[in-house]
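Peer 1: Provided below are the primary sequence and the corresponding predicted coordinates.
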Amino acid sequence: MFNKGSKLYGIITGVCPKCHEESMYTNKNPYDVTELFSMHENCSNCKTKYKIEPSFFYGSMYVSYGVGIAFAVAAFVISFVLLESSINVAIVAIVASQVLFYPIIVRLSRNIWINLFMNYDKSLAKK
């Protein structure tokens with residue numbers, strides 16, 4: 001399920017969706033906010049162009065809404081249901097989770113978006 005060649009592997013690791021050999025990002029650390037959106041133009045292994053068309057990753061904003069909601073629900077469940085905190089504390093936990101996980105939400109959304117349009121090709125992987 002999380003093996004090389006699966007969609008989940010490509011989404012979680014942020015590697016090229018075609019060959020799963022190289023990171024799409026110039027800096028793998030999403031918390032280096034100066035390079036949060038910096039991506040390679042092409043994969044050095046299979047030459048796949050990441051930006052299929054101009055403004056391609058604008059679509060990932062729609063995905064980030066859903067991913068952000070998932071993080072907010074998780075924060076609410078953990079704080080309000082599991083830790084039995086007040087509703088005010090739960091709201092603070094939701095806001096804090098959105099701020100703290102923003103770089104991860106952005107990268108995850110881009111990974112999901114590009115993996116919707118590209119599929120792994122075993123023939124392009126390094127032998």
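Peer 2: Done, it's in.

Peer 1: name the SS class of the residue nearest to residue 63 when sequence neighbours are not counted, please.
Peer 2: Excluding the flanking residues, the one nearest residue 63 by CB to CB, 6 or more residues apart in numbering is residue 109, at 4.2 Å. Placement of C-beta: from N, CA and C, glycine included. Following DSSP: H, G, I helix; E, B strand; the rest coil, residue 109 is assigned to helix.

Peer 1: got the contact list for residue 18?
Peer 2: Contact partners of residue 18, counting by CB atoms under 8 Å, 6 or more residues apart in numbering, are 43, 46, 48, 118-121, 124.

Peer 1: what do you get for residue 35?
Peer 2: For residue 35, the contact set (CB under 8 Å, 6+ apart) comprises 25-27, 29.

Peer 1: how much space between residue 5 and residue 21?
Peer 2: 11 Å (CB to CB, to the nearest Å).

Peer 1: ugh, typo on my part, it should be residue 34
Peer 2: Relative to residue 21, residue 34 is positioned 26 Å away (CB to CB).

Peer 1: quick check: closest non-adjacent residue to the residue most central in space within the chain.
Peer 2: Most central residue of the chain, judged by C-alpha distance to the mean C-alpha position with CA atoms, centre = their mean, is residue 108 at 0.9 Å. Using CB to CB, 6+ apart and skipping the chain neighbours, the partner closest in space to residue 108 is residue 67 (5.5 Å).
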